[in-house]
Each structure stands twice: as C-alpha cells, then as structure tokens.
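Participant: sequence plus the predicted model coming up.
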Amino acid sequence: MKNIYQDILLAKKEKRKLLAILFDPDKIDLNVVSSLIQKVINAPATHIFIGGSHVTHNIIDELILKIKSSCELPIVLFPGNPSQISIHADGILFLSLLSGRNPDFLIEHQVKAAPILKKTDLEIIPTSYLLIESGNETAVARVSKTQPIARDNNDLVVATVMAGEMLGHQLIYLEAGSGAQQAVPLEMIRDVAKNTTIPLIVGGGITSLLGIQNAYDAGADMVVIGTAFEKNPSFFENK
Ligand code: 1GP
C-alpha cells in the first residue's frame with residue numbers, strides 16, 4: 001500500500017520537488033489515456049491527481065483503472081464534490097475551501113463524503129484549499145460560489161494557512177483555478193512557505209517550465225499542472 005503523505009513529507013525534508021499532473025475526467029478522452037500516460041511516465045511527474053469542479057459523467061473508475069494498468073504513480077483524488085470518490089485511487093485530498101465562507105465547501109460535502117470514505121482504503125489527507133484571485137473567474141469560484149482572496153492580501157492568506165495548520169490539516173493547496181490567467185503570486189508563495197511547516201501545493205495557471213521552477217524556488221513543495229499538459233501532452237519535452 002502506498003503511503004502518500006509520508007512520501008510527501010520525506011520529499012520535503014530531502015528538498016525533492018514534486019509534480020502532480022491533473023486529469024479532469026470531464027475533459028479527457030478515454031481512448032487517448034494510454035498515450036497520455038506514456039507522456040506522464042516520461043515527464044518528471046511524481047503524482048497523478050484526478051478531479052474537476054463539475055464532473056458530469058462518471059468515468060472516474062474506468063479512467064483510474066486505465067491509468068493503473070500502465071503507471072505506478074500514486075493516484076490522488078482531487079474532488080469537486082463527494083460524487084467523485086473512487087475506491088480505485090490511492091488517496092484523496094480531503095479539501096476544505098478555507099478561502100471562502102460557503103459552508104457546503106467548508107464542511108457539508110465533507111460530512112456527506114465521510115461515511116463513504118470510511119468504507120474505503122483510500123488514504124485521506126486533510127488539506128487547506130485556498131482560492132486566490134487570478135484575473136478571470138475560474139470554475140472553482142463559480143461552482144463553489146465563493147470569492148477568491150485578493151492577489152495582494154498576503155496577510156489574510158497567511159492567517160488562513162496558519163488556521164488550517166492549527167486545525168490539523170496536513171497539506172496547504174494555493175489554487176489560482178484551472179486555466180487561470182495569472183498563477184498564484186510568487187511573493188504570496190514565499191510568505192506562506194515562511195509561515196507554515198506542512199507541505200505546500202501550488203497550482204492553477206502555470207503554463208511553462210519556468211513557471212514551475214519559479215513556484216518551487218518560491219517555496220512550493222509540489223506544483224500541479226492540468227491545462228498546459230491537456231493542451232500540449234509534449235509540454236514536459238520542451239526545452
Ligand atoms: C487546478 O491547480 C490545478 O485545480 C491545475 O490548474 O489546469 O491551470 O494547470 P491548471
């Protein structure tokens with residue numbers, strides 16, 4: 001059995017940076033999964049995330065089984081709601097949208113998901129999830145009906161992250177939103193990294209290898225890439 005969180009902690013300790021590739025089941029064509037997975041295997045990816053803000057057709061089980069048949073990377077659910085749980089994954093980011101004040105995304109979905117998760121062997125990783133303003137309205141903001149935190153409000157982000165850590169969350173995820181015009185500001189990543197001891201994930205709107213490196217240099221332990229890989233599966237081959 002994979003021990004996803006312990007491996008993330010070890011990577012942080014050893015200063016090894018992590019890279020998750022996000023597959024949105026709504027956007028993926030099952031017929032091309034095998035060739036995409038070859039690209040993932042050849043990329044410096046360490047994790048596969050599965051999820052989306054509004055998955056409408058449930059192909060998650062099939063998608064995960066397909067990925068697993070040719071790839072050993074840990075598969076972590078990154079769910080928009082409890083319908084996106086699959087017993088075939090290895091773990092789940094148990095997200096609380098701490099940047100917003102919508103009780104559905106702070107606790108209601110979690111209450112609905114808990115009895116389902118209890119019956120699975122999924123590794124559950126409590127995660128503080130913060131949506132940061134990104135220049136355009138992203139699906140997370142639309143679906144969660146919450147306001148992102150302003151790009152220059154580092155104090156609020158840091159205080160929110162501190163609260164998440166004090167609540168016992170094990171990961172912080174700073175999210176600009178999938179397809180964001182602007183990624184999370186580097187100064188904000190720096191401030192958060194300075195003020196937390198738990199691993200920091202950053203994603204949304206990162207579209208270049210330099211963007212990934214900059215996020216790492218600012219203090220991100222893991223970067224999530226979705227849209228850039230979706231648009232160009234050779235993304236990681238670009239020099
Ligand atoms: C979205 O952070 C992820 O939840 C990835 O975003 O699709 O913009 O890479 P992109």
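Facilitator: On my side now, so go ahead. Residues are numbered from 1 along each chain as shown.
Participant: helices and strands of this structure: which one has the lowest mean pLDDT?
Facilitator: When each helix and strand of the chain is scored by mean pLDDT, DSSP states H and E, helix 139-144 comes last, with a mean of 91.
Participant: is the ligand within reach of it?
Facilitator: No. Judged by Cβ under 6 Å from any ligand atom, helix 139-144 stays clear of the ligand, getting no closer than 6.8 Å. Quick note: C-beta positions are derived from backbone N, CA and C, even for glycine.
Participant: alpha carbons only: can I get that helix in CSV?
Facilitator: Output of helix 139-144 as CSV, limited to C-alpha atoms (Å, rounded to 0.1, in the frame of the first residue of the first chain):
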residue,chain,number,x,y,z
ALA,A,139,-14.6,27.1,-12.4
VAL,A,140,-13.8,26.7,-8.7
ALA,A,141,-15.1,30.2,-7.9
ARG,A,142,-18.2,29.7,-10.0
VAL,A,143,-19.1,26.2,-8.6
SER,A,144,-18.2,27.0,-5.0
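Participant: just the buried residues of the helix or strand following it, please?
Facilitator: Next along the chain after helix 139-144, taking DSSP states H and E as the criterion, comes helix 154-166. Within helix 154-166, the residues scored as buried using 16 or more other Cβ atoms under 10 Å are 154, 157-158, 160-161, 164-165.
Participant: in JSON lines: the residues you listed, plus distance to the ligand.
Facilitator: Converted to JSON lines, these look like this (distance: Cβ to the nearest ligand atom, whole Å):
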{"residue": "N154", "distance to the ligand": "19"}
{"residue": "V157", "distance to the ligand": "16"}
{"residue": "V158", "distance to the ligand": "20"}
{"residue": "T160", "distance to the ligand": "17"}
{"residue": "V161", "distance to the ligand": "16"}
{"residue": "G164", "distance to the ligand": "17"}
{"residue": "E165", "distance to the ligand": "20"}
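Participant: tell me what angle the longest strand that the chain contains forms with helix 154-166.
Facilitator: Longest strand of the chain, by residue count under DSSP state E: strand 123-131. Counting by axes from the mean of the first three to the mean of the last three Cα atoms, to 10 degrees, strand 123-131 lies at 160 degrees to helix 154-166.
Participant: show me what from the chain comes close to the ligand.
Facilitator: Contact residues, the chain versus the ligand (Cβ under 6 Å from any ligand atom): 22, 175, 178-180, 203-206, 224-228.
Participant: now, which of the residues you listed lie within strands?
Facilitator: Taking DSSP E as the definition of strands, the residues of the chain next to the ligand contribute 22, 175, 203, 224-225.
Participant: how about the helices of this structure, start to end?
Facilitator: Residue ranges of the helices in the chain, as given by DSSP state H, are 4-13, 33-42, 60-68, 103, 109-118, 139-144, 154-166, 186-194, 209-218, 227-231.
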